[in-house]
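In: Generate a structure from the sequence data that follows.
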Amino acid sequence: MTASVPAPVRRKAVLAASIGNFIEWFEFGLYGFFAAAIAANFFPGSHSLISTFAAFGVSFVLRPLGALIFGHFGDRMGRRTTLSISIIGMSAATFVIGLLPNYDGIGLAAPILLVVARVVQGFSAGGEFGGATAFMVEYAPAHRRTFYGSWQMFTQFAATLVATVIGALLSMALTPEALTDWGWRVPFLVTLPLGAIGLYLRLRLDETPEFQASSPEDSGAPLMITLRKHWPNVLKVIGLIISGTTCTYMVQAFWPAFLVKNLGIAQADMFIAMMVGISALLLTCPAWALLADRIGRRKPFLIATPMALMVLAIPMYQLILSGSFALIVLAYVLLGLLMAPSLAAISTAIAEAFPTEVRYSGLSLAYSAAVSIFGGSTPLILSTLVETTGNPMSPAYYLIAVAAVSVLAAFALADTSTKPARAEVAEEVPAR
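Out: Numbering: from 1, shown residues only. Below is the predicted model:
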């Protein structure tokens, strides 16, 4: 579809799309890893961890609104400008979290300001996934669409890995008191310069050739067109995403806090286990994406992964609950290897579920709905399940349920990997 676009330009497009995605997930990872420290600073009390995860989840309330607004302008005005605004909001809000005074300093204003910053971050992040995914896929050559799209998910976990390394280094370098007092703030502050770099890269790129060659389906708003013509695929994409987003937020937010606070695992050991598991995912994800470009995405990847998750959720949780460092590492590696095939294929598969003219809106709507309802609420849901039932295995049963939904959605979603996405775009495309 973009054979005329030079390879260096394509690579710059992937980098420009990835850096905002990196900032989004870097912040999510930091919040989960330092949830215990954030709880101590902003939510003193017996239910501090639940309050901290509630603040984490509340940012997702405005995420769908951000997705709708960014999606509309992304489909009407273009991906580049819309993504540039998104990255400014995300990086600035994350930077502010690192500067906020704690509860002892300004009282109730501290958690309120934390929630406000999380809401701004969530609103801005609502426009990131749909636009960044569209940007990657629409710049990709026809025979490498899955590989290009896979960098969306690869970047998410690369950001988590970097956040984990930083967390591990801080845990080793600082006393627990210093880490809780000020150390956790340091990585939040680096997002502002990262955002400036991402903004610079995005503004130096042209719109995707596929977008420039497209034309609006009609005079209606992209969201209305999506809901009127493409609502079945919106539901299918939501169903397909929920198992992956549940696993992602479980790994990045719930497990770190649960292991440290409930099982008494040293924070440094938790970081090591996280790094090993995510490294296993990152090492295998690109290879799965290249294979998917050759043999198709749906059956070997989008169906097999949630089915395997249904079978292995309970054994995996038994490893976690053992309290053994070696078995916890094994659980992280097992989940990383299980997730990799689906994550390699899913971004391109759901992007191709919508035509170019409404792709930003369709992706943003479906993804934000799935992440807001199932992803961002995962730490709160799992923490509440454990506390209310008294059964530490209850998260495994929840995982089985969401995986079953994704299996059904994968069967229902058409496999577009065997079909050409669009005719080749001419080297000279009209300005939009």
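
In: By mean pLDDT, flag the weakest helix or strand of this protein.
Out: Of all helical and strand segments in the chain, the minimum by mean pLDDT, DSSP states H and E falls on helix 48-58, at a mean of 75.

In: Return whichever helix or strand comes after that helix as PDB; C-alpha atoms alone will do.
Out: Per DSSP states H and E, the first helix or strand lying C-terminal to helix 48-58 is helix 63-76. Taking C-alpha atoms only, helix 63-76 is exported to PDB below (Å, rounded to 0.1, in the frame of the first residue of the first chain):
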ATOM      1  CA  ARG A  63     -10.500   8.300  28.400                       C
ATOM      2  CA  PRO A  64     -13.500   7.400  26.200                       C
ATOM      3  CA  LEU A  65     -14.300  11.100  25.900                       C
ATOM      4  CA  GLY A  66     -10.700  11.800  24.800                       C
ATOM      5  CA  ALA A  67     -10.900   8.900  22.400                       C
ATOM      6  CA  LEU A  68     -14.100  10.400  20.800                       C
ATOM      7  CA  ILE A  69     -12.700  13.900  20.400                       C
ATOM      8  CA  PHE A  70      -9.300  12.900  19.200                       C
ATOM      9  CA  GLY A  71     -10.700  10.300  16.900                       C
ATOM     10  CA  HIS A  72     -13.100  12.800  15.300                       C
ATOM     11  CA  PHE A  73     -10.300  15.300  14.500                       C
ATOM     12  CA  GLY A  74      -7.800  12.500  13.600                       C
ATOM     13  CA  ASP A  75     -10.200  11.200  10.900                       C
ATOM     14  CA  ARG A  76     -11.100  14.700   9.700                       C
END
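
In: Quick check: nearest residue in space to Ile278, chain neighbours excluded?
Out: Leu161 (4.6 Å; Cβ to Cβ, 6 or more residues apart in numbering). Bear in mind the C-beta positions are built from the backbone N, C-alpha and C, glycine included.

In: wait, the one you found sits on Ala280?
Out: No: using Cβ atoms under 8 Å, Leu161 makes no contact with Ala280, being 10.7 Å away.

In: and the closest residue to Ala253 other than its chain neighbours, how many neighbours?
Out: With Cβ to Cβ, 6+ apart as the measure, Gly32 is the residue that lies nearest to Ala253, at 3.2 Å, once sequence neighbours are left out. Using other Cβ atoms under 10 Å, Gly32 has 27 other residues around it.

In: Tell me which helix or strand Gly32 sits in.
Out: Using DSSP H and E, Gly32 falls in helix 7-33.

In: so Ile225 touches Tyr360, yeah?
Out: No: taking contacts as Cβ under 8 Å, Ile225 lies outside contact range of Tyr360: 11.8 Å.

In: Those two: which is more packed in?
Out: Tyr360 (35 against 21).

In: ok, now which ones touch the nearest residue to that one once chain neighbours are set aside?
Out: Spatial nearest neighbour of Tyr360, excluding adjacent residues (Cβ to Cβ, 6+ apart): Gly74 at 3.5 Å. Residues counted as contacts of Gly74 (Cβ atoms under 8 Å, 6 or more residues apart in numbering) are Thr82, Leu83, Gly127, Gly130, Gly131, Ala134, Tyr360, Ser361, Ser364.

In: Which members of these are positioned in strands?
Out: Of the positions in the contacts of Gly74, not one sits in strands, assigned by DSSP state E.

In: Can you tell me the closest non-neighbouring residue to Ser377?
Out: Gly57 (4.9 Å).

In: just checking, the one you found touches Ser383?
Out: No: because the distance of 10.5 Å does not satisfy Cβ under 8 Å, Gly57 is recorded as not touching Ser383.

In: higher neighbour count, those two?
Out: Legend: neighbour count by other Cβ under 10 Å for Gly57 and Ser383, higher for Ser383 (24 against 21).

In: How about the secondary structure of the residue nearest to Ile278?
Out: When classified by DSSP: H, G, I helix; E, B strand; the rest coil, Leu161 comes out as helix.

In: Counting neighbours, what do you get for it?
Out: Leu161 has 20 nearby residues by other Cβ under 10 Å.

In: Narrow the contacts of Gly74 to those that are buried.
Out: Thr82, Leu83, Gly127, Gly130, Gly131, Ala134, Tyr360, Ser361, Ser364 (16 or more other Cβ atoms under 10 Å).

In: quick revisit: run through the residues that contact the residue nearest to Ala253.
Out: Phe56, Tyr249, Gln252, Ala253, Phe254, Pro256, Ala257, Pro379.

In: This completes my enquiry, with thanks.
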